[in-house]
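Peer 1: only geometry, no sequence info:
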Ligand SMILES: O=C[C@H](O)COP(=O)(O)O
């Protein structure tokens, strides 16, 4: 059996926007033995995948109130991120404040959301800032995600990677975003990739494991799909596209390939695996396309933050501008939304 069909058109998107609340408890993926058959059989039809996603923006537009609801839902799925060499404690504290109150109160009131809980899915930082973020977010219910394992290139010794994961978990990170060793994919050493991610999963303990594939480094969609499947078999809770530091980061064709693998894994094991596109997603328009593709490919469950995160440093500012435009009819300058 192969997984090569990317041309089937989904049923039309329901007119109903997602409600900003929701969420559900999922059984955690325990991983399983490496099935080489599941990897070897994977085939990808690149041009069909490109055609499939090219039709998305034209077919799927939502207007006015519906769009505001989709964007509010997107906010709950953002891993609000700062991953810069010049990050400071103060910047991380400001980011955490923004994660707790992502949209101005007056806008929420005019959108009819006054008094409703709204926060981002997580805050994502380097290990150095995990403890700062945990303290700043205390009582908010917002988890801290730590990038790890020698992010972004992942070229430090394996034992140091495990120690880095353990240190972030000790400091309070509830989610660990690891990078895989790209060489394992580029040389087709799926056993080495599986063993690596298995170890990362064990080091995480109760913290959730997001495996960053760095898809821009993997050369082909087939490699992306195979790496996705191996990471899920090794126990990934989420598969994530990119670090934000590769030449090419999240794209819709890559997303489609990864979502199809999530679907196959669910069909075979019953586990629902989360998806996190990351890197270069900076506009409300971009994020709507990702939401539509998630819903069309995997269904309503995958619009919730326990199965969908968007790794982004500047997306929130554009969403807030769009919400402001929706309410006032005017756009404000980006410098009125300095964080997020
Ligand atoms: O995981 C998150 C990414 O590093 C954020 O990338 P971005 O700065 O392009 O939004």
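Peer 2: Yes, it's here. Bear in mind that the values here come from a model prediction, so they are computed numbers and not experimental data. Numbering: from 1, shown residues only.
Peer 1: ok, now which ones touch the closest residue to the ligand within the stretch 51-200 of the chain?
Peer 2: Proximity of the stretch 51-200 of the chain to the ligand (C-beta to the nearest ligand atom) peaks at residue 81, 4.2 Å away. Yep, even glycine has a C-beta here, placed from its N, CA and C like the rest. Residues in contact with residue 81 (C-beta atoms under 8 Å, 6 or more residues apart in numbering) are 123-125, 244, 278, 311-313.
Peer 1: Tell me the buried residues within those.
Peer 2: Neighbour-count burial (16 or more other C-beta atoms under 10 Å) applied to the contacts of residue 81 gives 123-125, 244, 278, 311-313.
Peer 1: can you list the weak-confidence ranges in the stretch 51-200 of the chain?
Peer 2: Applying pLDDT under 70 to the stretch 51-200 of the chain picks out residues 58-61, 64.
Peer 1: for the ligand, what are the nearby residues on the stretch 201-340 of the chain?
Peer 2: 243-244, 278-280, 311-314 (C-beta under 6 Å from any ligand atom).
Peer 1: Try it again at 5 Å.
Peer 2: 244, 278-280, 311-313 (C-beta under 5 Å from any ligand atom).
Peer 1: can you pull out the helices in the stretch 51-200 of the chain?
Peer 2: 56-59, 64-75, 89-100, 105-110, 130-136, 158-170, 182-186, 190-204 (DSSP state H, counting those that start in this stretch).
Peer 1: Give me the helices and strands touching the second one, please.
Peer 2: Applying 3 or more C-beta pairs under 8 Å, 6 or more residues apart in numbering; DSSP states H and E, one finds that helix 64-75 makes contact with helix 284-298, helix 315-328.
Peer 1: Quick one: end-to-end length of stretch 135-147, please.
Peer 2: 18 Å (C-alpha to C-alpha, to the nearest Å).
Peer 1: ok now it, how far from the chain's centre?
Peer 2: 17 Å (C-alpha atoms, centre = their mean, to the nearest Å).
Peer 1: Find the helix or strand that whichever residue of the stretch 151-300 of the chain sits closest to the ligand is a member of.
Peer 2: Per C-beta to the nearest ligand atom, residue 244 is where the stretch 151-300 of the chain lies closest to the ligand, at 2.5 Å. In the assignment (DSSP states H and E), residue 244 maps to no helix and no strand.
Peer 1: Run through the residues that contact residue 57.
Peer 2: Taking C-beta under 8 Å, 6+ apart, one finds 285, 289 in contact with residue 57.
Peer 1: Try it again at 10 Å.
Peer 2: For residue 57, the contact set (C-beta atoms under 10 Å, 6 or more residues apart in numbering) comprises 252, 285-286, 288-289, 292.
Peer 1: Next, format the residues you listed as TSV and append pLDDT, distance to residue 95 and neighbour count.
Peer 2: Putting the contacts of residue 57 into TSV (pLDDT from 0 to 100; distance: C-beta to C-beta, whole Å; neighbours: other C-beta atoms under 10 Å) gives the following:
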residue	pLDDT	distance to residue 95	neighbour count
252	96	27	20
285	93	23	12
286	94	20	20
288	95	24	21
289	94	25	18
292	94	28	21
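Peer 1: got the residues of the stretch 51-200 of the chain near the ligand?
Peer 2: 81, 83.
Peer 1: Next secondary structure after the lengthiest helix in the chain?
Peer 2: Criterion DSSP state H: the longest helix present in the chain is helix 252-269. Remark: after helix 252-269, the chain's next helix or strand is strand 274-276, criterion DSSP H and E.
Peer 1: which secondary structure elements does that following strand contact?
Peer 2: strand 208-212, strand 238-240, helix 252-269, helix 284-298, strand 310-312 (3 or more C-beta pairs under 10 Å, 6 or more residues apart in numbering; DSSP states H and E).
Peer 1: a markdown table for the helices and strands packed on helix 64-75, including distance to residue 304?
Peer 2: Below are those laid out as a markdown table (distance: least, C-beta to C-beta, whole Å):
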| stretch | distance to residue 304 |
| --- | --- |
| helix 284-298 | 10 |
| helix 315-328 | 17 |
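Peer 1: between the ones you listed, which gets nearest to residue 65?
Peer 2: helix 315-328 (8.2 Å; C-beta to C-beta).
Peer 1: chain center to the closest one: distance?
Peer 2: Per C-alpha atoms, centre = their mean, the centroid offset for helix 315-328 relative to its chain is 21 Å.
Peer 1: Could you check the angle that helix makes with helix 284-298?
Peer 2: Counting by axes from the mean of the first three to the mean of the last three C-alpha atoms, to 10 degrees, helix 315-328 lies at 100 degrees to helix 284-298.
Peer 1: Now do helix 315-328 against helix 64-75, angle only.
Peer 2: Using the same axes, to 10 degrees: helix 315-328 against helix 64-75 is 160 degrees.
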